[in-house]
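S.K.: show me how the following folds:
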Amino acid sequence: EDANGQFEMNWKYDDVLATADKHAFFKFMTRVLAEKYGLRATFMPKPLMGKTGNGCHAHISVWTMDGKSNAFSDDSKELGLSDQGRAFLGGIMKHASALALICNPTVNSYKRINAPRTSSGATWAPNSVTWTGNNRT
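M.R.: Predicted coordinates for the structure are as follows:
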């Protein structure tokens, strides 16, 4: 990732509950292993001013019940995003403020939003409700 000591962990997509379990286990395992070696692992969103913060993002796809078709995909639509995908995205955008209560559970979470530029020149923190084909903020 962007800052020293920061790593992005990826695992293969799975059922939403299985993925949540993997996420919780990963954080627990990381903390236990760090403590075993006299270190401290943090998932704090903004541990140091002037340094890139930590985050957690998810890539979401919705498939038909038979698992054969991506419900968000439609090659005939702009950017290949289906009407169902647009409705899903519209719901996320409509409820973004309420979702912030879940996605930003601590005061420190909000310190990342609109934080000044870091030493690398990037914040990578979402600070507006918008979407594009490649909007990293």
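
S.K.: how distant is the lengthiest helix in the chain from the center of its chain?
M.R.: Determined from DSSP state H, the single longest helix within the chain is helix 16-36. Offset of helix 16-36 from its chain centre (C-alpha atoms, centre = their mean, to the nearest Å): 16 Å.

S.K.: which parts of that helix are buried?
M.R.: Of all the residues in helix 16-36, not one is buried under the rule 16 or more other C-beta atoms under 10 Å. Backbone N, C-alpha and C define where each C-beta goes, glycine included.

S.K.: need the contact partners of it.
M.R.: Helix 16-36 is contacted from outside by 9, 11, 13-14, 40-41, 43, 56, using C-beta atoms under 8 Å, 6 or more residues apart in numbering.

S.K.: next SSE downstream of that helix?
M.R.: helix 83-94 (DSSP states H and E).

S.K.: which strands or helices does the helix or strand following that next one pack on?
M.R.: Per DSSP H and E, the first helix or strand lying C-terminal to helix 83-94 is helix 96-103. If contacts are counted by 3 or more C-beta pairs under 8 Å, 6 or more residues apart in numbering; DSSP states H and E, helix 96-103 sits against no helix or strand.

S.K.: about what we covered before: pick out the most distant pair among the contacts of helix 16-36.
M.R.: 13 and 40 (30.4 Å; C-beta to C-beta).

S.K.: so which of the two has more stuff around it?
M.R.: Between residue 13 and residue 40, residue 13 has the larger neighbour count (other C-beta atoms under 10 Å), namely 12 against 7.

S.K.: list the residues that contact the more buried one.
M.R.: So residue 13 contacts 19, 59, 61 (C-beta under 8 Å, 6+ apart).

S.K.: need the pLDDT of residue 117.
M.R.: As predicted, residue 117 sits at a pLDDT of 69.
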